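>>> Sequence first, then the predicted structure:
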Amino acid sequence: MLDELRAELGDVLVTDERVLESLRADKSGQRSGSVPLALVEAREIGHVQVAMRWASAYGIPVVPRGAGTGLAGGAIAQGGELVVSTARMTRILEISADDELAVVEAGVVNADLNAALAPHGLWYAPDPASRAISTIGGNIATNAGGLMCVKYGVTREAVLGLTVVLADGRALRLGRRTVKGVTGYDLTALLIGSEGTLGIIVEATLRLRPLERGGIVTVSASFPDVAAAAQASSAITASGIRPAALELLDASALEAIGELLDLDLGTGALLLVQVDGAGADADADAVLAIVRAHGGAPERADGPEDAERLFAARRAFHPAMERRGTVLIEDVAVPRSALPEMFAAIERIEREHGIPIPTVAHAGDGNLHPNFVIERDVEGDARDGAFQVPERVWAAADALFRECLRLGGTLTGEHGVGLLKRRWLREELGDDAVELQRSIKAVFDPQGILNPGKVF
């Protein structure tokens, strides 16, 4: 069967054992038990179609993959599975300044797209922490967010249309180039965040924004503890101010980042607030007043370089965690008013389970990233960056997820379900909603060959 596929794809089909070995894991740290069957390194839509027609004919399961930067195990492959990668589909097909849109292939890296847009005075807003290495296709598959999504929206708000290859190899064009459009069901929105279970995203039409954001003011605020910082962040959003970014770092996060970057970031908690637009100065003054009222010590950034230094420190959180041990990176979201209670629950779970859980949050939209830190060479298997999560860590994660749901939150704000959160899916969605979603998948993928074992 592989000879038949190779006859159509040539060197686009890869069976080198060393290459296949790398496909057993992604950035989640999880690893499958065996290497996949083969890899298709697609360079064009036709390659993906050939692969899917072949897989459909023989009932071969397919794992779609981009850069492999996912944090929920959604792109991990195992024995008997074909990996179809769009990482080499890197063409920017169109940039239209008049219509404020771009058409790109799925393998374009997020940061590379913005570098190409800058000379046109345009900007693609979704900015996940992995923006320097993650691809647009992967961002769409997980509906990625980022620091700026509190004001500018997650990936779903930035996608106008998609080209998707279905399980049987057909290429389906969805969505539009217009700002408005309500013809038929919104299948574009359905595919966004579907984690490769409904089709393989190969091309996207993206909504852009003017690069000029008006006045930009950044405020950093130190607090004695994370509870006070969380209360201040909730007060800022409740006041009607819409920050472009509102990030919260707890004491453990500050300590780890300070060690990595050789910076003194304080010992309590830190709130980073960026406001922009015509009313930025007035919004910044209001932020300063709210911070002081909640016991914080605010400072305006001394120009754009100082502001970028502060946000670079925030983006260094995950590398800082990796220096401390093996990390299970989690992703939950609660209503913004529940942030103080959620942080209190995390501190309680740390004590009860004896596991460090440094946490940062996109506080403007209630999205928290608790990191369960496991000491290397003590538990689990950390070979090649992958490991087996010990049961005691899952017990702590279970307590955290249940507390999140109790507060009206969700199991994942932007990383997706993948492999890691399947066991909790019914607790959030309920049996009827899960069965309905499985029925929808069966319409797109009757044989169940697309990313089997992920999400459901």
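Nice, I can see it. Residues are numbered from 1 along each chain as shown.
>>> Would you agree residue 417 is in contact with residue 411?
Yes: assessed by C-beta atoms under 8 Å, residue 417 is found in contact with residue 411 at 7.3 Å. Heads up, the C-betas are built off the backbone N, CA and C, glycines and all.
>>> overlap in contacts of these two?
residue 425 (C-beta atoms under 8 Å, 6 or more residues apart in numbering).
>>> I figured residue 446 hits residue 167, correct?
Yes: using C-beta under 8 Å, residue 446 makes contact with residue 167 at a distance of 7.3 Å.
>>> Could you check which of these two has the larger neighbour count?
More crowded of residue 446 and residue 167, by other C-beta atoms under 10 Å: residue 167, with 22 against 11.
>>> Pop out the phi and psi values for the closest residue to that one other than its chain neighbours.
Spatial nearest neighbour of residue 167, excluding adjacent residues (C-beta to C-beta, 6 or more residues apart in numbering): residue 445 at 4.3 Å. In terms of degrees, to the nearest 10, the main-chain angles of residue 445 are phi -140, psi 70.
>>> show me what contacts residue 145?
By C-beta under 8 Å, 6+ apart, residue 145 lies in contact with 126, 128, 154, 155, 362, 365, 367, 413, 414.
>>> and those, which of them are in strands?
Taking DSSP state E, the ones among the contacts of residue 145 that sit in strands are 362, 367.
>>> Please report how far residue 263 lies from residue 362.
21 Å (C-beta to C-beta, to the nearest Å).
>>> When these two are compared, which one has more neighbours?
Between residue 263 and residue 362, counted using other C-beta under 10 Å, the more crowded position is residue 362 (26 against 14).
>>> for the more buried one, which residues make a bridge with it?
Counting by DSSP bridges, residue 362 forms beta bridges with residue 247, residue 367.
>>> Touching, it and residue 247? I think so.
Yes: with contact defined as C-beta under 8 Å, residue 362 reaches residue 247; the gap is 6.4 Å.
>>> returning to what we had before: the residue nearest to residue 167 contacts residue 200, doesn't it?
No: counting by C-beta under 8 Å, residue 445 stays clear of residue 200, with 10.9 Å between them.
>>> So which of these two has more stuff around it?
Higher neighbour count among residue 445 and residue 200: residue 200, with 30 against 20, using other C-beta under 10 Å.
>>> Poorly predicted segments of the protein, please.
376-387 (pLDDT under 70).
>>> at 50 what do you get?
378-385 (pLDDT under 50).
>>> I'd like the domain boundaries of it, if you could list them.
92-210, 216-406 (automatic domain parsing).
>>> in the stretch 251-400 of the chain, which spans are strands?
Secondary structure of the stretch 251-400 of the chain (DSSP state E, counting those that start in this stretch): strands at 269-276, 297-300, 326-329, 332-333, 359-362, 367-374.
>>> can you list those strands in CSV and add distance to residue 72?
Converted to CSV, these look like this (distance: least, C-beta to C-beta, whole Å):
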stretch, distance to residue 72
strand 269-276, 26
strand 297-300, 35
strand 326-329, 9
strand 332-333, 12
strand 359-362, 17
strand 367-374, 12
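>>> quick one, what contacts residue 449?
55, 56, 59, 60, 61, 62, 167.
>>> Swap in 10 Å and give it another go.
By C-beta atoms under 10 Å, 6 or more residues apart in numbering, the residues touching residue 449 are 52, 55-56, 58-63, 81-82, 167-168.
>>> Now it. Nearest residue, chain neighbours left out?
Nearest to residue 449 is residue 61, by C-beta to C-beta, 6+ apart, at 5.0 Å.
>>> likewise residue 237?
residue 336 (5.2 Å).
>>> if I read this right, that neighbour contacts residue 230, doesn't it?
Yes: counting by C-beta atoms under 10 Å, residue 336 touches residue 230, with 9.4 Å between them.
>>> Just want to know which of these two has more residues nearby.
For residue 336 versus residue 230, the count of surrounding residues by other C-beta under 10 Å is larger for residue 230: 27 against 21.
>>> what's the helix or strand for that one?
helix 226-238 (DSSP states H and E).
>>> residues of that helix that come out buried?
Judged by neighbour count using 16 or more other C-beta atoms under 10 Å, the buried positions of helix 226-238 are 226, 227, 228, 229, 230, 231, 232, 233, 234, 235, 236, 237.
>>> Show me what it is packed against.
Judged by 3 or more C-beta pairs under 10 Å, 6 or more residues apart in numbering; DSSP states H and E, helix 226-238 is in contact with strand 216-223, strand 245-249, helix 251-261, strand 269-276, helix 280-293, helix 339-353, strand 359-362.
>>> okay if I get the ones you listed as JSON lines plus distance to residue 191?
Putting the helices and strands packed on helix 226-238 into JSON lines (distance: least, C-beta to C-beta, whole Å) gives the following:
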{"stretch": "strand 216-223", "distance to residue 191": "33"}
{"stretch": "strand 245-249", "distance to residue 191": "27"}
{"stretch": "helix 251-261", "distance to residue 191": "34"}
{"stretch": "strand 269-276", "distance to residue 191": "31"}
{"stretch": "helix 280-293", "distance to residue 191": "36"}
{"stretch": "helix 339-353", "distance to residue 191": "30"}
{"stretch": "strand 359-362", "distance to residue 191": "24"}
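>>> Minimum distance to residue 139: which of these has it?
Of all these, strand 359-362 sits nearest to residue 139, with 15.4 Å by C-beta to C-beta.
>>> can you pull out the helices in the stretch 351-456 of the chain?
Per DSSP state H, counting those that start in this stretch, the stretch 351-456 of the chain carries helices over the ranges 391-406, 425-429, 431-444.
>>> Tell me which of the ones you listed sits most buried.
helix 391-406 (a mean of 18; mean count of other C-beta atoms under 10 Å).
>>> for it, packing partners?
strand 326-329, strand 332-333, helix 339-353, strand 367-374, helix 425-429.
>>> quick one: common contacting residues for residue 362 and residue 247?
Common neighbours of residue 362 and residue 247 (C-beta under 10 Å, 6+ apart) are 147, 150, 233, 314.
>>> Tell me what the closest residue to residue 15 other than its chain neighbours is bridged to.
In this structure, residue 15 finds its nearest non-sequential neighbour in residue 38, 5.0 Å apart by C-beta to C-beta, 6+ apart. Residue 38 has these beta-bridge partners by DSSP bridges: residue 82.
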